[in-house]
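Asker: this is the structure alone, sequence omitted:
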């Protein structure tokens, strides 16, 4: 069942000092702006196709839109060598990494995008135990 879910996020407990502190994080408006911009990138990318978002990419689109540099490819290869990572997980990692790059406004997927996307599969298994 977990394999069918794209993102697995483990949320740690928040310390009282952090909750009661004066520091604020990124505003909802700023986050919304990044999401709207990422969706615009995806609309342009998939114009004339049945896909509308990275999550709906087919295998050919994944290969075309999710090219990796050597470092990123090595990280993904290492993750795929771990037990229980399926071909489905491979494509989902690439789609999530593409979305992370879009949220940053990056043309290419970088190693930090791949590593973060792999991290979101952490409930499947503990990769670095």
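Answerer: Thanks, I have it. The structure displayed is predicted, hence computed values, not measured ones.
Asker: ok, and the closest non-adjacent residue to the most centrally placed residue in the chain?
Answerer: The residue lying closest to the centre of the chain (C-alpha atoms, centre = their mean) is residue 96, at 2.6 Å. Setting aside the residues directly before and after it, residue 96 is nearest to residue 117 in space (C-beta to C-beta, 6 or more residues apart in numbering), at 4.0 Å. For the C-beta atoms, the positions are set from N, CA and C on the backbone; glycine is no exception.
Asker: that neighbour against residue 89, yeah?
Answerer: No - look at residue 117 against residue 89 with C-beta atoms under 8 Å: they stay out of range, at 10.1 Å.
Asker: so where is this protein shaky, pLDDT-wise?
Answerer: 1-9, 11, 83-84, 122-129 (pLDDT under 70).
Asker: quick one: the helices in it, in order.
Answerer: Along the chain, the stretches classed as helices by DSSP state H are 16-20, 28-45, 59-65, 70-80, 87-104, 111-119.
Asker: ok, which of the ones you listed comes nearest residue 52?
Answerer: Comparing these against residue 52 with C-beta to C-beta, the closest turns out to be helix 28-45 (7.0 Å).
Asker: just the buried residues of the closest one, please?
Answerer: Within helix 28-45, the residues that qualify as buried are 38-39, 41-42, 45, counting by 16 or more other C-beta atoms under 10 Å.
Asker: again, but for stretch 51-71
Answerer: Applying 16+ other C-beta under 10 Å to stretch 51-71 flags 51, 53-54, 57, 61-62, 65-66, 68 as buried.
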